[in-house]
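*Asks:* coordinates only, sequence not included:
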């Protein structure tokens, strides 16, 4: 995307490489391209992985991570940044130190384990993530298991999810969005007709307002890399909506989150019949994203296939 003044919108991903191409750096750059944002990358780890799982991990030397960051940010710059797999405490601290000097929107995807359960973050790195990186974040994007780990308690209801969001926000980020793909049917419907079996519901909390975003679940195993893709899409949207703003307006955060939610939904649906791999296959990053023109913070929204529909003006569910 080139603005009228000739500026090319750009985003940076700081994450691990996925040799299978469905997650990590590869997914992020594909998502950036879909949003017509120029993508740069800093690789924190190499992985040997495919749709069946992770077979090996090699973390990058922290000094070389810093060298990559300096190379990109001193020359190309970034209108928004996302972090994914950081692997070790030393890498996490290195990334936090450098990003503290670059006030762009920062989307932190707290990658802790692969879809197959393989650990992607060393235990002592979680402390560094919480104490060093979360305070810098514009938005943190955990799934329910990750949010449980950051909160320190299991999430077993929608009310628990809200309590976890409040606890994570107290760690310092500007906002948190808990992705609801792992919500359980026995939690009951969040709103009339919003049962967890049919709908995937994300909650966004900025300290003032609760915004709920629901999209129909897609019956597909093509879900590898959806967390990476979501955070990359949100970073790309923020690069376009709020370049250089570490603390953008709440409505802009909602528009970016809603765009990312719809993009991932459409990417899963488009890849439903793909024959890539024998396990959890990748999504179709080539689908065209949409950024809503107007989406006020607060309330419940449902994705209708081409646009977001507001269901009420209410906040939480407690």
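*Replies:* Yep, that arrived. Every value quoted in this text rests on a predicted model; they were computed, and no experiment measured them.
*Asks:* what strands line up against the longest strand seen in the chain, and which way round?
*Replies:* Counting by DSSP state E, the longest strand found in the chain is strand 38-50. Paired neighbours of strand 38-50 in the sheet (DSSP bridges): strand 10-18 (parallel), strand 53-59 (antiparallel).
*Asks:* centre of the chain versus it, how much separation?
*Replies:* 15 Å (C-alpha atoms, centre = their mean, to the nearest Å).
*Asks:* list the buried residues of it.
*Replies:* Residues 38-47, 49-50 are the ones in strand 38-50 that count as buried (16 or more other C-beta atoms under 10 Å). In this view, the C-beta of every residue, glycine as well, is placed from N, C-alpha and C.
*Asks:* so residue 155 touches residue 146, yeah?
*Replies:* No - using C-beta atoms under 8 Å, residue 155 is not in contact with residue 146; the gap is 10.0 Å.
*Asks:* skipping adjacent residues, who's closest to residue 24 in space?
*Replies:* Of all residues not flanking residue 24 in the chain, residue 18 sits nearest, at 3.7 Å (C-beta to C-beta, 6 or more residues apart in numbering).
*Asks:* residue contacts, the one you found?
*Replies:* 24-27, 47, 49, 225 (C-beta atoms under 8 Å, 6 or more residues apart in numbering).
*Asks:* now residue 147
*Replies:* Residue 147 makes contact with 155, 161, 164-165, 168, 176, 178 under the criterion C-beta under 8 Å, 6+ apart.
*Asks:* make TSV from those residues and add secondary structure to it.
*Replies:* Putting the contacts of residue 147 into TSV (DSSP: H, G, I helix; E, B strand; the rest coil) gives the following:
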residue	secondary structure
155	coil
161	helix
164	helix
165	helix
168	helix
176	strand
178	strand
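*Asks:* from those, which is closest to residue 280?
*Replies:* Nearest to residue 280 among those is residue 178, at 21.0 Å by C-beta to C-beta.
*Asks:* quick check: which element contains the closest residue in space to that closest one that isn't next to it in sequence?
*Replies:* Once flanking residues are discounted, residue 178 sits nearest to residue 147: 4.8 Å by C-beta to C-beta, 6+ apart. Assigned by DSSP states H and E, residue 147 falls within helix 144-151.
*Asks:* state the mean pLDDT of that helix.
*Replies:* The pLDDT scores in helix 144-151 average 93.
*Asks:* I'd say residue 57 and residue 44 touch.
*Replies:* No - contact between residue 57 and residue 44 fails when scored by C-beta under 8 Å: they sit 10.5 Å apart.
*Asks:* turn the contacts of residue 147 into JSON lines, columns for neighbour count and distance to residue 140.
*Replies:* As requested, the contacts of residue 147 are exported to JSON lines (neighbours: other C-beta atoms under 10 Å; distance: C-beta to C-beta, whole Å):
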{"residue": "155", "neighbour count": "25", "distance to residue 140": "15"}
{"residue": "161", "neighbour count": "26", "distance to residue 140": "14"}
{"residue": "164", "neighbour count": "26", "distance to residue 140": "11"}
{"residue": "165", "neighbour count": "27", "distance to residue 140": "9"}
{"residue": "168", "neighbour count": "25", "distance to residue 140": "6"}
{"residue": "176", "neighbour count": "27", "distance to residue 140": "5"}
{"residue": "178", "neighbour count": "27", "distance to residue 140": "9"}
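*Asks:* quick one: low-confidence parts of the chain?
*Replies:* Within the chain, the segments meeting pLDDT under 70 span 1, 3-4, 113-120, 185, 312-318.
*Asks:* how does it look with 80?
*Replies:* The model of the chain has pLDDT under 80 over residues 1-6, 113-122, 181-193, 195-196, 312-318.
*Asks:* next, count neighbours for residue 169.
*Replies:* 17 (other C-beta atoms under 10 Å).
*Asks:* what sits against the spatially closest residue to it that is not a sequence neighbour?
*Replies:* In space, residue 169 comes closest to residue 176 once its chain neighbours are excluded; the distance is 5.3 Å by C-beta to C-beta, 6+ apart. For residue 176, the contacting residues are 139-142, 147, 165, 168-169, 204-205, by C-beta under 8 Å, 6+ apart.
*Asks:* no more questions from me, cheers.
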